[in-house]
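Engineer: Sequence plus predicted model, see below.
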Amino acid sequence: MNSKIDRRITEILNKAEDRVPVSREEAMTLMGVQLHTRACYAIMEAANRLSRAQFGNKGENHYHIGLNVEPCPMDCLFCSLTRKAGIFKEKIEFPLDQVVAWAKQAEQHGADGLNLMTTGTYPFARLLEVGRLLKTETAVPLVANTRDINHREGEALLEAGFVGAYHAVRLGEGRDTPFDREKRIRTIQVFRDVGLLWMNCVEPVGPEHADDEIVDLMLLARDFGAVYSGVMRRINFPGSPMERFGMISELEMARLVAISRLVMGDVPKAHCTHEPHTASLMAGANLFFPEVGSSPRDGHADTEKGRGTGIETCQHMQREMEWEPSLPSNCFGDSAPRKTE
């Protein structure tokens, strides 16, 4: 293990802990720090201290409900729910009574938010219908995870009971996906304009992604005021066209989570990692996503029967790392959505 930490790294860490914005050049310097070095663990320690001070040791859990499965024609290369992946041959929409049961289960176990995910061609009107129903059935804040939208549709989400929306400019956008990066960013601006909280993650990270590409998305999250950001690694489903690149380890994900946390400074209300694991809880992450229903990382229609981690397991991991999930949410408690002027 390296015995010394470069003075430049120490200066950046001190700056970040004082919540002075880290520059792009400084973020790139941190990205150059290798695993299994004293400097790497110093980055994780600084991010951990920053999050515990800023988030008050709150462990957040935003319950992911995937509403439907289909051979999606968008054909994003990293997604198991696509036509090209060939895993799912027919459309499946989980019944409303099942969705309500999942939502009530989440509420019973103290979930801080409900993240409703749909595939690219799921009818927007149907998402609004589900939102209106859940708004009457639970008190858990609703977050939409859907396609690019316009201002009228953003207002409709608010009227249906949603308080926020998850939306990411993915790594490889326009290359590994059919979507336009600038259109994704315009949708984020729509959320800000209409008063929806914007949730984000740098994803899906793989070994092939360059440092500058990753840093650009960290800075995007900060500059557009994400309620939370963080890092999710790409999971290679069997037969994935991305399998040839391999996957990053959980330790590497923790390193990236820490750098992302320091870049975000005093902007976020939480910091996420996915899939749930303990290493990142020592590196600035405090937010997990328990999962049921469809998942773009799974070959099971209901990820609860596959890769998905249940809320009780997530909460147990957090408590073992001395994050307390029973505390009030930082993301929604005092973060009423406001329109930008």
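Structural biologist: Noted; the coordinates are in hand. Numbers count the residues shown, from 1 in each chain.
Engineer: Determine which residue lies closest to the centroid of this protein.
Structural biologist: By C-alpha atoms, centre = their mean, the chain has its centre lying nearest to Cys201, at 3.9 Å.
Engineer: quick one: it and Leu114, what's the gap?
Structural biologist: Between Cys201 and Leu114 the distance is 17 Å, computed by C-beta to C-beta, to the nearest Å. Every residue, glycine included, has its C-beta placed from N, CA and C.
Engineer: The residue nearest to the centre of the chain and Asp302: what is the separation?
Structural biologist: 22 Å.
Engineer: Also Ala165?
Structural biologist: Distance from Ala165 to Asp302, by C-beta to C-beta: 24 Å.
Engineer: Which of these two has more residues huddled nearby?
Structural biologist: Ala165 (26 against 19; other C-beta atoms under 10 Å).
Engineer: How far off centre is the strand or helix carrying that one?
Structural biologist: According to DSSP states H and E, Ala165 maps onto strand 162-166. How far strand 162-166 lies from its chain's middle: 13 Å, per C-alpha atoms, centre = their mean, to the nearest Å.
Engineer: need the next SSE after it, C-terminal direction.
Structural biologist: Following strand 162-166 in sequence order, the next helix or strand is helix 181-194 (DSSP H and E).
Engineer: tilt between that following helix and strand 162-166?
Structural biologist: Helix 181-194 and strand 162-166 are oriented at 160 degrees to each other (axes from the mean of the first three to the mean of the last three C-alpha atoms, to 10 degrees).
Engineer: which SS class is the closest residue to Glu137 other than its chain neighbours?
Structural biologist: Distance criterion C-beta to C-beta, 6 or more residues apart in numbering; nearest residue to Glu137, sequence neighbours excluded, is Val100 at 5.2 Å. Three-state assignment for Val100 (DSSP: H, G, I helix; E, B strand; the rest coil): helix.
Engineer: Tell me which residues touch Val100, please.
Structural biologist: 133-134, 137 (C-beta atoms under 8 Å, 6 or more residues apart in numbering).
Engineer: now Pro328
Structural biologist: Counting by C-beta under 8 Å, 6+ apart, Pro328 has contacts Lys58.
Engineer: what does Arg152 give?
Structural biologist: With C-beta under 8 Å, 6+ apart, Arg152 has no contacts at all.
Engineer: host element of it?
Structural biologist: Assigned by DSSP H and E, Arg152 falls in helix 151-160.
Engineer: So which bits of that helix are buried?
Structural biologist: Neighbour-count burial for helix 151-160, counted by 16 or more other C-beta atoms under 10 Å, picks out 153-158, 160.
Engineer: which of those residues lies closest to Arg7?
Structural biologist: Gly154 (46.7 Å; C-beta to C-beta).
Engineer: all helices of the stretch 151-300 of the chain, in order?
Structural biologist: 151-160, 181-194, 211-223, 250-264 (DSSP state H, counting those that start in this stretch).
Engineer: Can you show me the CA trace of the second one as CSV?
Structural biologist: Only the C-alpha atoms of helix 181-194 are listed here, as CSV (Å, rounded to 0.1, in the frame of the first residue of the first chain):
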residue,chain,number,x,y,z
ARG,A,181,-28.3,13.3,-24.7
GLU,A,182,-29.6,16.8,-25.1
LYS,A,183,-33.2,15.6,-25.0
ARG,A,184,-32.5,13.8,-21.8
ILE,A,185,-31.1,17.0,-20.3
ARG,A,186,-34.2,19.0,-21.6
THR,A,187,-36.4,16.6,-19.7
ILE,A,188,-34.4,17.3,-16.5
GLN,A,189,-35.0,21.0,-17.1
VAL,A,190,-38.8,20.2,-17.5
PHE,A,191,-38.8,18.7,-14.0
ARG,A,192,-37.1,21.8,-12.6
ASP,A,193,-39.5,24.1,-14.4
VAL,A,194,-42.7,22.5,-13.3
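Engineer: report the angle between the axes of the helix ranked longest in the chain and helix 250-264?
Structural biologist: Looking across the chain with DSSP state H, the single longest helix is helix 38-55. Interaxial angle of helix 38-55 relative to helix 250-264 (the same axes, to 10 degrees): 60 degrees.
Engineer: Give me the helices and strands touching helix 38-55, please.
Structural biologist: helix 7-17, helix 250-264, strand 270-274 (3 or more C-beta pairs under 8 Å, 6 or more residues apart in numbering; DSSP states H and E).
Engineer: Relative to Pro141, which of the ones you listed is closest?
Structural biologist: Of the helices and strands packed on helix 38-55, the one closest to Pro141 (C-beta to C-beta) turns out to be strand 270-274, at 12.6 Å.
Engineer: Can you list the neighbours in contact with that closest one?
Structural biologist: 51, 55, 58, 60, 62, 201, 203, 227-233, 253-254, 257, 260-261, 264, 280-281, 284-289, 330-331.
Engineer: Mind checking the pLDDT average for that strand?
Structural biologist: In this model, strand 270-274 has a mean pLDDT of 98.
Engineer: Over to stretch 44-58?
Structural biologist: 98.
Engineer: Could you pull out the buried residues of it?
Structural biologist: 44-48, 50-51, 54-55, 58.
Engineer: swap in stretch 252-271?
Structural biologist: Neighbour-count burial for stretch 252-271 [16+ other C-beta under 10 Å]: 252-265, 267-271.
Engineer: how far away is the closest residue to Gly174 other than its chain neighbours from Pro241?
Structural biologist: Excluding the flanking residues, the one nearest Gly174 by C-beta to C-beta, 6+ apart is Arg181, at 5.6 Å. For Arg181, the distance to Pro241 equals 20 Å [C-beta to C-beta].
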